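Engineer: Okay, sequence plus prediction incoming.
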Amino acid sequence: MSKSILFTGQPIFNQILRFFSIDQIQRLSRKFSGDRYCKKFKTYDHLIVMLYAIFNRCTSIREVVTGLLACHTKLQHLGIQYAVKRSTLSDANSRRNYQVFEAIYYDLHKMHAQTLPDSHSRKWISRLYIMDSTTISLFQEILKNAGPSPMNGKRKGGIKAHTLVKADQDVPQLVCMTAGACNDTTFMKEIELSPGSILTFDRGYNDYKRLEYWTSKGVSWVTRLRALSAIEVITENAVSDYQFHNGILKDQKVIMGHPHKRITKVNARLITYYDAKQQRTFQFLTNDMKFSALTISEIYRHRWQIEILFKRIKQNYPLRNFLGDNENAIRIQIWCALIADLLLKIIQKQVKRVWSFANLSSMIRLHLMTYINLWLFLNKPEAILMSSLRRRDRPPSLFAT
């Protein structure tokens, strides 16, 4: 009986690892002294083990080590010569600088950035960036979290991931991790965009000096009006009948900032929009004076895309149980989860068949160490299966090759 045409000499995990450059990982490791005082368990080995834990959604170090022992005969395909011990993995998560994995993520993103963008009918989406943050609760007070202390006195920590996303790529462009109690406005100083870019964010980012700085650099921004904000209406722009019937109530030019306080004043445009489906009124602020009011409201509507990204990462990767009780181990696991997410997005973009991210993630998890050709299966799973069945039912031939 002939082998299945899906059979390949490498497990799916090894096929995924081909997106990495081992030489580049070694260079990054030397840059951050990742392999200092390490005899066997190098940075590349650490990355593979953590990705194995992420893809399989392992919740403890014992589960990771046991899983690797169960498939020890396949580890050589991955470039690992031995099964890691619990103490070795625990020490590596504590000692190896998390910045190595951060650099690996950005290097991987740079290598495959051209394959990530989607095609859109609106040209401004390729210039659109979305900024927001999400907080991951921790099992103990490792990092200070926001909010009041619980009644029992057992306060849990939290780590906040400040994230910048390019709208047409749907993966983090920039990530900065801080304690959960850190204010969101601190992340605004880390963002440098090219002229002509568009940035949208929620009303929690209210640093007027940074808004003026982006305006001076030719960056457009769109946000919502913060409650109790001091604004002064300068002029009223005309609203056409078409805009009015599509929800635009007002289009005004305003100045943000209290007139009697020595703070930065911001020239902006205030758009009042009524959403008939939600039966709610929204007020959008922007420094862009050229886009139509409807386009401004649509730009802000794309801000919800980053909320979907946060939901996707938290649902598909183990970020409730961490493989270490220190800040460095937590950061390593989060960066490895982002690397795994980026790898799956690259695969999703390169496959011709349309796969939902949830189905793709589940298929990778269930068959991570299976010897099947990932690309043949993902492109035409039903056709490949039927072809295999027909070959199996075909009577043997004396001259079969």
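Structural biologist: Done, it's in.
Engineer: could you pull out the helices for this protein?
Structural biologist: 12-17, 22-31, 43-55, 61-70, 86-95, 99-111, 208-216, 241-245, 293-301, 304-316, 327-350, 357-366, 374-379, 381-393 (DSSP state H).
Engineer: looking at the ones you listed, which is buried most?
Structural biologist: Mean neighbours per residue, mean count of other C-beta atoms under 10 Å, is largest over those for helix 43-55, with a mean of 23. Bear in mind the C-beta positions are built from the backbone N, C-alpha and C, glycine included.
Engineer: Direction-wise, compare it with helix 304-316 and give the angle.
Structural biologist: 90 degrees (axes from the mean of the first three to the mean of the last three C-alpha atoms, to 10 degrees).
Engineer: Show me how far helix 43-55 is from its chain's centre.
Structural biologist: 18 Å (C-alpha atoms, centre = their mean, to the nearest Å).
Engineer: Likewise for stretch 209-217?
Structural biologist: On C-alpha atoms, centre = their mean, the centre of stretch 209-217 falls 26 Å from that of its chain.
Engineer: go on, stretch 299-309?
Structural biologist: For stretch 299-309, the distance to the chain centre is 13 Å (C-alpha atoms, centre = their mean).
Engineer: Please apply the same query to stretch 329-346.
Structural biologist: With C-alpha atoms, centre = their mean, you get 8 Å for stretch 329-346.
Engineer: quick revisit: looking at the helices of the chain, which is nearest to V233?
Structural biologist: helix 293-301 (15.3 Å; C-beta to C-beta).
Engineer: packing partners for that closest one?
Structural biologist: strand 198-201, strand 220-224, strand 248-256, strand 266-275, strand 280-286 (3 or more C-beta pairs under 8 Å, 6 or more residues apart in numbering; DSSP states H and E).
Engineer: what ranges of the stretch 1-150 of the chain fall below the confidence cut-off?
Structural biologist: Filtered on pLDDT under 70, the stretch 1-150 of the chain yields the residue ranges 1-6, 140-141, 143-150.
Engineer: Let's see that with 80 instead.
Structural biologist: 1-9, 118-121, 139-150 (pLDDT under 80).
Engineer: any chance of the helices and strands packed on helix 293-301 in JSON lines, plus distance to Y317?
Structural biologist: JSON lines is the format used below for the helices and strands packed on helix 293-301 (distance: least, C-beta to C-beta, whole Å):
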{"stretch": "strand 198-201", "distance to Y317": "24"}
{"stretch": "strand 220-224", "distance to Y317": "29"}
{"stretch": "strand 248-256", "distance to Y317": "39"}
{"stretch": "strand 266-275", "distance to Y317": "33"}
{"stretch": "strand 280-286", "distance to Y317": "32"}
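Engineer: quick one on the thing from earlier: to T264, which of the helices of the chain lies closest?
Structural biologist: Between T264 and the helices of the chain, the shortest gap by C-beta to C-beta is with helix 208-216, which sits at 4.2 Å.
Engineer: ok, residues contacting the closest one?
Structural biologist: Identification of contacts with helix 208-216 by C-beta atoms under 8 Å, 6 or more residues apart in numbering yields 185, 188-189, 193, 199, 221, 256-257, 263-268, 287.
Engineer: what does stretch 322-333 give?
Structural biologist: 50, 53-54, 58, 60-61, 64, 89-90, 93-98, 101-102, 138-140, 142-143, 159, 177, 318-319.
Engineer: G324 and F55, how far apart?
Structural biologist: G324 sits 18 Å away from F55, going by C-beta to C-beta, to the nearest Å.
Engineer: what do you get for S133?
Structural biologist: For S133 relative to F55 (C-beta to C-beta), the value is 26 Å.
Engineer: Quick check: which of the helices and strands packed on helix 293-301 is nearest to W355?
Structural biologist: Of the helices and strands packed on helix 293-301, nearest to W355 by C-beta to C-beta is strand 198-201, at 28.1 Å.
Engineer: Off-centre distance for that closest one?
Structural biologist: The answer for strand 198-201 is 17 Å, by C-alpha atoms, centre = their mean.
Engineer: for stretch 339-356, same thing?
Structural biologist: On C-alpha atoms, centre = their mean, the centre of stretch 339-356 falls 13 Å from that of its chain.
Engineer: and the gap between the closest residue to L378 other than its chain neighbours and L374?
Structural biologist: Spatially, and ignoring its direct neighbours in sequence, L378 is nearest to V351 (4.5 Å; C-beta to C-beta, 6 or more residues apart in numbering). The gap separating V351 from L374 is 9 Å, by C-beta to C-beta.
Engineer: I339 now?
Structural biologist: In terms of C-beta to C-beta, I339 sits 18 Å off from L374.
Engineer: What of I296?
Structural biologist: In terms of C-beta to C-beta, I296 sits 42 Å off from L374.
Engineer: again, but for I136
Structural biologist: For I136 relative to L374 (C-beta to C-beta), the value is 30 Å.
Engineer: With D207 instead?
Structural biologist: Taken as C-beta to C-beta, the span from D207 to L374 is 45 Å.
Engineer: can you dump the C-alpha coordinates of stretch 171-182 into CSV?
Structural biologist: Taking C-alpha atoms only, stretch 171-182 is exported to CSV below (Å, rounded to 0.1, in the frame of the first residue of the first chain):
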residue,chain,number,x,y,z
VAL,A,171,-0.6,42.1,13.9
PRO,A,172,1.2,44.2,16.5
GLN,A,173,3.6,46.7,15.0
LEU,A,174,4.9,47.9,18.3
VAL,A,175,4.3,46.5,21.9
CYS,A,176,5.4,48.1,25.2
MET,A,177,4.7,46.2,28.4
THR,A,178,4.3,48.0,31.7
ALA,A,179,2.7,47.4,35.1
GLY,A,180,-1.1,47.3,34.9
ALA,A,181,-1.4,50.5,36.9
CYS,A,182,0.6,52.5,34.4
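Engineer: Could you check how far that stretch is from the centre of its chain?
Structural biologist: On C-alpha atoms, centre = their mean, the centre of stretch 171-182 falls 11 Å from the chain's centre.
Engineer: Buried residues in that stretch, which are they?
Structural biologist: Of the residues in stretch 171-182, those buried by neighbour count under the rule 16 or more other C-beta atoms under 10 Å are V171, P172, Q173, L174, V175, C176, M177, T178, A179, G180, C182.
Engineer: Identify, from the residues you listed, the entry nearest to S33.
Structural biologist: M177 (20.4 Å).
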